[in-house]
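Participant: what would the 3D arrangement of this be:
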Amino acid sequence: MGPQLRAHSLALTVFVSATSALAAPSGGPYGPVDTSYAVPKAPHVYYVAPSGKPEAAGTTLAAPTTIEAAIAKAASGDAVILRGGVYRTGGLTFNQKIILQPYGREHPVLKGTEIPTGWQSAGSNLWKTTWTKLFPATPMAWWRRDREEAKTPLHRFNNDMVFVDGEFLQSAGSPAEVNAHTYYIDYAAKEVFIGVDPAAHTVEVTAHDGALIRTSQPVNGKVNDHKGPIIRGLTITQYARRCLEVEGKKQFGPNDEPTDEPVGKADPSTYGKEAVGTVLENLTITYCSRVGGWFRGDKMVIRNNLFSDTSTEGLYVIGSSDAVIERNIVRHNNIEQLTGYFPAAVKIFNQTYRTIFRDNLLIDNPYSNGIWFDVGNRNAVFANNYVAGNQVGMFFEISRGATVAGNVFANNGTGTRVLNSADVHVFNNTYIDNPAIFERTERSNIGDHFAWHPTTGPDVAEREGHMFVNNLVVASETYQGPQLRVEQAAVLCGKLTKSPLTEVDGNVYVRPATASGPLALWSPLAVPGCAAQPASLDQLRQTVPGIEANSRQIEGTARDILKSPEMLRFEPKQAIKAAVATPPAVLKLIGWKKGGTVGAYPATGKK
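Facilitator: Numbers count the residues shown, from 1 in each chain. Okay, here's the model as predicted:
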């Protein structure tokens with residue numbers, strides 16, 4: 001762990017202890033919990049160590065085998081116990097329900113890099129060496145090169161990574177661009193260039209494109225048992241492409257579209273069955289050049305993990321049902337600053353049903369969205385999360401059915417964005433300096449850039465049924481945009497005249513007296529341009545009769561209303577009573593015994 005990561009972890013600990021008393025986010029613990037692991041009862045237990053011998057049976061602590069040998073031998077129900085230390089390995093492939101965990105409180109680290117030798121001077125402040133374990137790649141076919149290449153050069157899509165004394169280096173386009181913080185790879189000559197003297201530093205270069213792959217294919221003399229693994233307590237870092245993968249029916253290469261399973265609208269009984277019941281717990285997953293992991297399979301549990309310093313996604317769930325994702329920290333996604341690639345720290349994708357995403361920290365993703373539900377998802381729960389410092393905190397697109405409740409959205413570019421979706425119910429959240437957006441466009445399955453994607457969600461005229469109730473929406477002196485945006489594409493003016501929201505009420509808007517921007521943007525309306533931007537709550541009521549009857553506008557700032565915004569204490573100084581009842585089903589989801597307050601924080605004693 002480098003100095004920057006250590007400092008951020010300390011800051012996180014302060015946040016948790018400062019907000020645990022009343023926060024709708026529980027206060028933690030978030031991320032990996034230091035745990036002493038007992039050796040599980042299993043048909044076979046294999047002990048492994050970095051110094052293990054492949055010929056050893058591995059059945060005793062005194063004579064460990066290698067992790068490669070143990071995984072090849074382990075069958076469904078067996079356990080692989082890792083001694084502490086660094087395992088420079090990868091491509092560990094299996095298709096059984098096996099347990100992988102540390103021995104006691106030891107700290108095993110799976111690393112996908114190796115340390116090159118044979119460096120030679122290649123000019124002033126430039127050194128090179130031959131390296132044959134390379135992972136060239138290209139952007140997906142849908143990436144719009146004509147728009148984006150000036151901002152994202154093609155070399156950023158290669159999957160190799162280079163580290164100097166643990167520092168991640170950005171790729172460069174030529175040896176002339178190399179400095180102390182960048183590297184260049186000549187793929188034709190198979191040479192790596194760096195800008196610091198390797199004699200005085202530890203240089204690591206990726207040698208593996210994945211650590212653990214739970215495949216659905218025959219491997220190690222075994223056929224798929226259709227049961228997910230239990231993986232806990234490990235650190236997995238510095239892998240090209242991905243650290244972990246739980247496959248579905250298909251296998252995908254580095255230049256394949258990894259989300260194409262299923263393709264087109266599908267019955268959930270036909271997918272997600274290749275590895276059911278995966279458990280990922282207390283893992284630290286960092287520095288994966290594309291994603292922390294692709295995960296498929298019903299009934300997975302992803303709990304108390306850290307996903308950090310990834311590229312396009314940290315945590316990616318595809319074509320699965322009934323996942324529970326809780327108390328994770330997901331941060332620092334899109335460290336390569338790719339543009340036009342739709343990055344998200346968490347992505348829930350392609351007809352994933354009934355995901356429960358609760359009590360997580362989605363933080364510090366300035367070049368990435370926080371979480372993105374996209375393409376045909378159904379009936380998600382997004383509850384009691386702390387979401388700060390992302391482009392869009394929570395994005396719900398081309399999908400149907402979600403309850404968004406008890407969350408704190410602070411200082412994101414956008415707090416929540418609901419796009420071309422239906423039946424999203426947003427209750428009792430706290431927004432600080434970021435808007436809530438409900439939006440629909442003309443996008444359909446006719447001529448779409450992503451072909452079949454729109455067919456999995458509601459059609460253009462079905463994008464309605466949303467609710468926005470009992471939310472506390474706070475703006476500081478520096479925030480001037482609308483706090484609520486309900487908008488649709490201009491081409492739909494006069495075609496879709498019904499509001500996409502069925503209920504908007506009980507909300508409290510806090511704005512300073514100096515606010516000059518509009519309170520809201522609202523469409524559709526029977527006015528020129530089909531939209532208006534009311535400056536106040538009273539104007540919004542006059543513009544859109546029948547909404548916000550029990551809502552309030554308070555003149556003030558975040559400091560006036562909240563305990564200490566500077567210390568991330570976003571609970572109100574005094575409980576703000578709700579004028580509209582929160583449905584009992586929503587209260588149950590967020591763990592409140594009683595309702596009666598606005599925003600994400602319950603009154604004392606009511607949680």
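Participant: quick one: the strands in the stretch 1-150 of the chain?
Facilitator: Counting by DSSP state E, counting those that start in this stretch, one finds strands in the stretch 1-150 of the chain at the ranges 45-48, 79-82, 85-88, 92-94, 99-102, 108-111, 113-114, 120-123, 126-130.
Participant: any chance of the ones you listed in JSON lines, plus mean pLDDT and mean neighbour count?
Facilitator: In short, each C-beta sits where N, CA and C put it, glycine included. JSON lines is the format used below for those (pLDDT from 0 to 100; neighbours: other C-beta atoms under 10 Å):
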{"stretch": "strand 45-48", "mean pLDDT": "98", "mean neighbour count": "23"}
{"stretch": "strand 79-82", "mean pLDDT": "98", "mean neighbour count": "24"}
{"stretch": "strand 85-88", "mean pLDDT": "98", "mean neighbour count": "16"}
{"stretch": "strand 92-94", "mean pLDDT": "98", "mean neighbour count": "21"}
{"stretch": "strand 99-102", "mean pLDDT": "98", "mean neighbour count": "22"}
{"stretch": "strand 108-111", "mean pLDDT": "98", "mean neighbour count": "22"}
{"stretch": "strand 113-114", "mean pLDDT": "98", "mean neighbour count": "20"}
{"stretch": "strand 120-123", "mean pLDDT": "98", "mean neighbour count": "12"}
{"stretch": "strand 126-130", "mean pLDDT": "98", "mean neighbour count": "18"}
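Participant: out of these, which gets nearest to Ala549?
Facilitator: Nearest to Ala549 among the strands of the stretch 1-150 of the chain is strand 99-102 (55.1 Å), distances taken as C-beta to C-beta.
Participant: could you list the low-confidence segments of the stretch 251-400 of the chain?
Facilitator: For the stretch 251-400 of the chain, no stretch has pLDDT under 70.
Participant: how far away is the residue nearest the centre of the chain from Lys588?
Facilitator: Among the residues of the chain, the one closest to the centroid is Val346, at 1.7 Å (C-alpha atoms, centre = their mean). Separation of Val346 from Lys588 (C-beta to C-beta, to the nearest Å): 24 Å.
Participant: before we move on, what about Thr403?
Facilitator: Computed as C-beta to C-beta, the Thr403 to Lys588 distance reads 10 Å.
Participant: same check, this time on Asp538
Facilitator: 35 Å.
Participant: what about Ala451, how many residues nearby?
Facilitator: By other C-beta atoms under 10 Å, 13 other residues sit near Ala451.
Participant: contact partners for it?
Facilitator: Ala451 makes no contacts at all, as judged by C-beta atoms under 8 Å, 6 or more residues apart in numbering.
Participant: returning to what we had before: of Thr403 and Lys588, give the one with the bigger neighbour count.
Facilitator: Thr403 (22 against 10).
Participant: give me the element the more buried one is part of.
Facilitator: In this structure, Thr403 sits in strand 400-405 according to DSSP states H and E.
Participant: so which elements touch the helix or strand that that strand is followed by?
Facilitator: Sequence order places strand 408-410 as the next helix or strand after strand 400-405, per DSSP H and E. Packing contacts for strand 408-410, counted by 3 or more C-beta pairs under 8 Å, 6 or more residues apart in numbering; DSSP states H and E, involve strand 386-390, strand 430-432.
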